[in-house]
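Asks: turn this into a structure:
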Amino acid sequence: MIKKLSLAALYVGIAFVIYRYGEALLAWFQQSDNIPLVVMMATVMALFPVIPYPVVGGVIGAALGPVPGAIVTWTGSAAASILMFLFIRYGYQEWGTKVLQRYKSVEKLTALFERNAFLTILFARLIPFIPSIVVNLYAALSRVSFTSYAVASSLGKIPAMLLFATVGDNVMTDPRSVIFTILVYGAFLALSLFAYRLWKRKQPAVS
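Replies: Numbering: from 1, shown residues only. Below you'll find the predicted structure:
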């Protein structure tokens with residue numbers, strides 16, 4: 001019990017620090033050339049999303065460029081989702097269950113998990129209609145293996161992280177290309193949604 005309370009206090013403390021010094025942290029991202037430290041801070045800010053992560057990804061993309069920025073942003077986001085998975089599965093399942101009960105989309109997610117957990121996680125990451133926290137919590141509370149979750153979740157995050165970093169870089173270098181980048185991502189989402197619906201249609205009904 002003491003360990004859980006200590007961990008919860010640490011979680012709240014880190015969230016407060018990010019809330020209090022968020023602007024200074026974003027400014028630091030733009031000036032730092034210590035990539036491992038930037039990755040670590042990106043992970044922390046993805047784990048404690050006081051500042052929307054697209055903003056963090058945009059700042060990193062503007063500072064490092066689209067490809068390095070996307071790699072750093074993706075690494076931080078993927079690492080945060082894996083840490084959250086481990087945090088819930090091995091310590092806070094009761095809390096995770098209570099949070100999960102607030103979301104109406106859980107029943108649909110249950111049916112999809114019963115068909116193919118790997119593809120469900122992958123599509124949930126590609127198509128951002130289901131809140132990320134729902135995917136994290138549900139996967140951690142389910143019987144899906146750690147490896148399946150880590151691979152599917154990390155793969156599904158690549159397009160969005162690339163978008164955040166590219167938009168951030170474009171805003172600084174060529175603002176006119178932002179619209180084109182967003183249109184390309186929109187087309188990708190439409191294609192992913194089509195593939196998702198096609199896959200769902202081919203799955204047998206779950207009784």
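Asks: can you give me the helices for this protein?
Replies: 2-31, 35-47, 53-64, 66-89, 93-100, 106-115, 117-126, 132-141, 146-173, 177-202 (DSSP state H).
Asks: and the second one, what does it pack onto?
Replies: Using 3 or more C-beta pairs under 8 Å, 6 or more residues apart in numbering; DSSP states H and E as the contact test, the elements touching helix 35-47 are helix 2-31, helix 53-64, helix 66-89. (Glycine included, C-beta is placed from N, CA and C.)
Asks: could you give the average pLDDT over that helix?
Replies: Averaged over helix 35-47, pLDDT sits at 86.
Asks: can you check the shortest one too?
Replies: Helix 93-100 shows an average pLDDT of 80 in the prediction.
Asks: got the angle for it vs helix 132-141?
Replies: 140 degrees (axes from the mean of the first three to the mean of the last three C-alpha atoms, to 10 degrees).
Asks: helix 93-100: which residues count as buried?
Replies: Within helix 93-100, the residues that count as buried by 16 or more other C-beta atoms under 10 Å are G96, L100.
Asks: and it, how far out from the chain's middle?
Replies: Mean-position distance between helix 93-100 and its chain equals 19 Å (C-alpha atoms, centre = their mean, to the nearest Å).
Asks: got the angle between it and helix 66-89?
Replies: Going by the same axes, to 10 degrees, helix 93-100 makes 120 degrees with helix 66-89.
Asks: give the lowest-confidence helix or strand of the protein, using mean pLDDT as the measure.
Replies: helix 2-31 (a mean of 60; mean pLDDT, DSSP states H and E).
Asks: mean pLDDT lowest where, among the helices of the chain?
Replies: helix 2-31 has the lowest average pLDDT among those, namely a mean of 60.
Asks: now the most centrally placed residue in the chain: closest residue in space, sequence neighbours ignored.
Replies: Taking C-alpha atoms, centre = their mean, the centroid of the chain lies closest to S77, which sits 5.1 Å from it. Of all residues beyond its chain neighbours, the one nearest S77 is A46 (4.7 Å), with distances taken as C-beta to C-beta, 6 or more residues apart in numbering.
Asks: my guess is that neighbour meets Y53, correct?
Replies: Yes. If you go by C-beta atoms under 8 Å, A46 and Y53 touch, sitting 5.4 Å apart.
Asks: pull up the overlap in contacts between the two.
Replies: Taking C-beta atoms under 8 Å, 6 or more residues apart in numbering as the criterion, A46 and Y53 both touch S77.
Asks: of these two, who's got more company?
Replies: A46 (26 against 20; other C-beta atoms under 10 Å).
Asks: if I look at that one, how far off is Q101?
Replies: 24 Å (C-beta to C-beta, to the nearest Å).
Asks: tell me the contacts of the closest residue to L155 other than its chain neighbours?
Replies: Once flanking residues are discounted, L155 sits nearest to L122: 6.0 Å by C-beta to C-beta, 6+ apart. By C-beta under 8 Å, 6+ apart, the residues touching L122 are A152, S153, L155, G156.
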